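Enquirer: coordinates only, sequence not included:
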């Protein structure tokens, strides 16, 4: 169902008014009058696509699986429609006539189709559990979130990237590679760079994170700003000891008690300790070597960019590589740098910013998507530097904030990032209208 050749051939042959596609493997059992409900809603809403909530059957148990409403920012290729989608055949033919047939792609055919349909017709979500899905092969919770960065799918990711870029052009949200010059920094900073680590209750990992920052070998001055968000598990005691041992470690405990990760970043960025560049390090990750910080700042210096994004290696707590291994987003290109982050939910790691820009555009006080939001905002105007070699170790363990997420929590996270993309698309359309 992802092949452009297969889908184009299918649409030439189909003679019915609607087409019901089961898009994923597994057994589907429809509920009472479910098909009638699909058809009725399609008729009444004039939608191009109709999809619904459903039940997951696992080990004989039934679990509710709600999905999100579709919005203009729901352009990520991993949007969860479930396994059943009802298409209007007339809408398909009108969209393909207006925006062109589906390209000869292997993995982006269905993605291309639903993006084209979404421009002029509704994509309607029925908030009813109309069918049950029994997967033929279960997967570990959280495993799917890395499908889009698996090196095995690199060719498909390039197809997805081209498809998303074409869609942005179709809706007037594509930005040409004309970047604003990075503003001159006149502020005097205490150091050249600050490694920023927000933390709450990471007693098992915080010392290793800080140590990996302390061992950086650089030709410039730097410090480590750890924003301790009122930890209660012994993390604060470890940080107190580290800050007494090394003057490079700045241990900050905010006065506010309502801060998310983004709010903690703001505490660091607006503090008197922050350097010219603010460089990310999560409290359960580590830098891959003592050269990481130097390599990041070298890109700022040579490329004159507003932000730098590195590549990372997924590892376990023993630092052994785990699938999918290296995450480098090589499908992103400088030429398409203002557009290529709108397709997916992440922005690579480590991320580093000009502090002066973060002080003009503070991070949202949330604990999910705060970095993605600011990166989208920066990419709207400025060029982003890239490092394609792994300079960061992302450690996966049971204590990760995204481990074992419920469907409801995953939906909230995805809906938030869809909203961020919606805002960004509207802003970019406005830029293009002004010319």
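Expert: Alright, I've got the coordinates. From a predicted model like this one, the values you see are computed outputs, not experimental measurements.

Enquirer: thinking residue 386 is in contact with residue 334, fair?
Expert: Yes - assessed by CB atoms under 8 Å, residue 386 is found in contact with residue 334 at 7.4 Å. In this view, the C-beta of every residue, glycine as well, is placed from N, C-alpha and C.

Enquirer: what about these two, which has more around it?
Expert: Higher neighbour count among residue 386 and residue 334: residue 386, with 21 against 15, using other CB atoms under 10 Å.

Enquirer: quick check, that one in a strand?
Expert: Yes - the assignment for residue 386 by DSSP: H, G, I helix; E, B strand; the rest coil puts it in a strand.

Enquirer: Check the gap between it and residue 210 for me.
Expert: From residue 386 over to residue 210 the distance is 26 Å, taken as CB to CB, to the nearest Å.

Enquirer: How about residue 159?
Expert: Counting by CB to CB, the gap from residue 159 to residue 210 is 41 Å.

Enquirer: Give me the contacts around the host helix or strand of residue 36.
Expert: Using DSSP states H and E, the element containing residue 36 is helix 34-45. Residues from elsewhere that reach helix 34-45, judged by CB atoms under 8 Å, 6 or more residues apart in numbering: 18, 20, 47, 50, 52, 84, 86, 88, 122, 124, 126, 128, 130-131.

Enquirer: in it, what's buried?
Expert: 34, 37-38, 41-42 (16 or more other CB atoms under 10 Å).

Enquirer: Over to stretch 238-245?
Expert: Here stretch 238-245 shows 238-239, 242-243 as buried, counting by 16+ other CB under 10 Å.

Enquirer: ditto for stretch 312-327
Expert: Judged by neighbour count (16+ other CB under 10 Å), stretch 312-327 contains these buried residues: 312-315, 324-325, 327.

Enquirer: ok now it, how far from the chain's centre?
Expert: 18 Å (CA atoms, centre = their mean, to the nearest Å).

Enquirer: First-to-last residue distance for that stretch?
Expert: In stretch 312-327, first residue to last residue: 5 Å (CA to CA, to the nearest Å).

Enquirer: and if you look at stretch 72-87?
Expert: End-to-end distance of stretch 72-87 (CA to CA): 18 Å.

Enquirer: The stretch 101-250 of the chain: strands as residue ranges?
Expert: Assigned strands in the stretch 101-250 of the chain, in chain order: 123-134, 193-199, 222-228, 249-252 (criterion: DSSP state E, counting those that start in this stretch).

Enquirer: same question for the third one, mean pLDDT?
Expert: The reference is to strand 222-228. When pLDDT is averaged over strand 222-228, the result is 98.

Enquirer: for stretch 375-391, same thing?
Expert: Mean predicted lDDT for stretch 375-391 stands at 95.

Enquirer: residues contacting the spatially most central residue of the chain?
Expert: The centroid of the chain falls nearest to residue 345 when counting by CA atoms, centre = their mean (1.7 Å). By CB under 8 Å, 6+ apart, the residues touching residue 345 are 76, 78, 145, 372, 414, 417.

Enquirer: Next: residue 265.
Expert: With the criterion set at CB under 8 Å, 6+ apart, residue 265 makes contact with 196, 198, 227, 278, 358, 363, 370.

Enquirer: repeat for residue 31
Expert: For residue 31, the contact set (CB under 8 Å, 6+ apart) comprises 129-132.

Enquirer: all strands for the stretch 301-435 of the chain, in order.
Expert: Taking DSSP E, counting those that start in this stretch as the test, the strands found in the stretch 301-435 of the chain are 307-315, 321-327, 351-354, 384-395.
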